[in-house]
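Engineer: My questions concern the predicted model and sequence given below.
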Amino acid sequence: MIAIVCWVLSCGQIKKDSGLVEPLFSNVDIHLELSNTPILLNERGDMFEIDTAVAVLYSIRFIECSNETSWYSPQDFFLPRALAGHSEIAIPSHWNRPTYLDLLQPQSIDTTISFPEQSICHLALTWARWDGGTFDLPEPTPSTTFSVYVAGQCTAGDDQQQIDFILETAVPSEVVLPITFEELVIQSPDLKFALDIDVSDMLETIDCTSDLVDNPDRQALQVLYNLQQNATWTLEPK
């Protein structure tokens, strides 16, 4: 499940003088961690072998507060969404560095983004298909564009017949979380953001059945959903 440090992220605003105002920030230190390796034996006794598992983390967005009512409903924050796309608009408070990630190789990324002072009311994590601007693409580049690609074999617990599968989709997935700061003394415009993407349960609810072959796009979306749900976020003043 996506988790947040509750003492930092809450449901109110900081009081200043007689009004309610949002604190302003201009720098975010980002630490991204891809941790662990996929669990290959599920509760049914199905055994998986993964030859390739890659995905494209397209952006991490720190979204400015708006006076307009958000169109997201509460349940939307925890569902995969086909809303994310590729944009040519550069927004300074967004980490727009599409990155090709090998899900079988734990790794970390550290960076800092700086932008004109602004409030932050939402965080958005987006997976989307790779394009010509994607970092860390292999050579030669893949023959198809995708947001996630998983290839391997599996054997059902009650059957010795092996199934070869390729789970692939170009559909994006995005999760958006509301962020506000309450009862905190903000003395700096700097924030620390950490995102741990635990791939242990990447194959959760995926069974070794003919559905892997018959509906690879739907199963690939399940992988993206699992990556979203097993990510842990923390955001705090620096």
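Structural biologist: Great, that's in hand.
Engineer: What is the subsequent helix or strand relative to the lengthiest helix in the chain?
Structural biologist: Longest helix in the chain by number of residues, with DSSP state H as the criterion: helix 216-229. Past helix 216-229, heading to the C-terminal end, the next element that is a helix or strand (DSSP states H and E) is strand 231-237.
Engineer: centre of the chain versus that following strand, how much separation?
Structural biologist: The gap between the average C-alpha position of strand 231-237 and the chain average comes to 13 Å, counting by C-alpha atoms, centre = their mean, to the nearest Å.
Engineer: for the protein, what helix or strand is lowest in average pLDDT?
Structural biologist: Among the secondary structure pieces of the chain, namely its helices and strands, strand 14-16 has the lowest mean (mean pLDDT, DSSP states H and E), a mean of 37.
Engineer: Could you measure from the nearest residue to T134 once chain neighbours are set aside over to P172?
Structural biologist: Computed as C-beta to C-beta, 6 or more residues apart in numbering, the closest residue to T134 that is not its neighbour in sequence is P98, at 4.2 Å. (C-beta placed from N, C-alpha, C; glycine too.) Counting by C-beta to C-beta, to the nearest Å, the gap from P98 to P172 is 11 Å.
Engineer: show me where pLDDT drops low in this structure?
Structural biologist: Counting by pLDDT under 70, the low-confidence segments of the chain come to 1-21, 67-91, 182-185.
Engineer: 50 instead, please
Structural biologist: 1-19, 67-89 (pLDDT under 50).
Engineer: Bridged to D110, which residues?
Structural biologist: Taking DSSP bridges, one obtains H31 as the residues bridged to D110.
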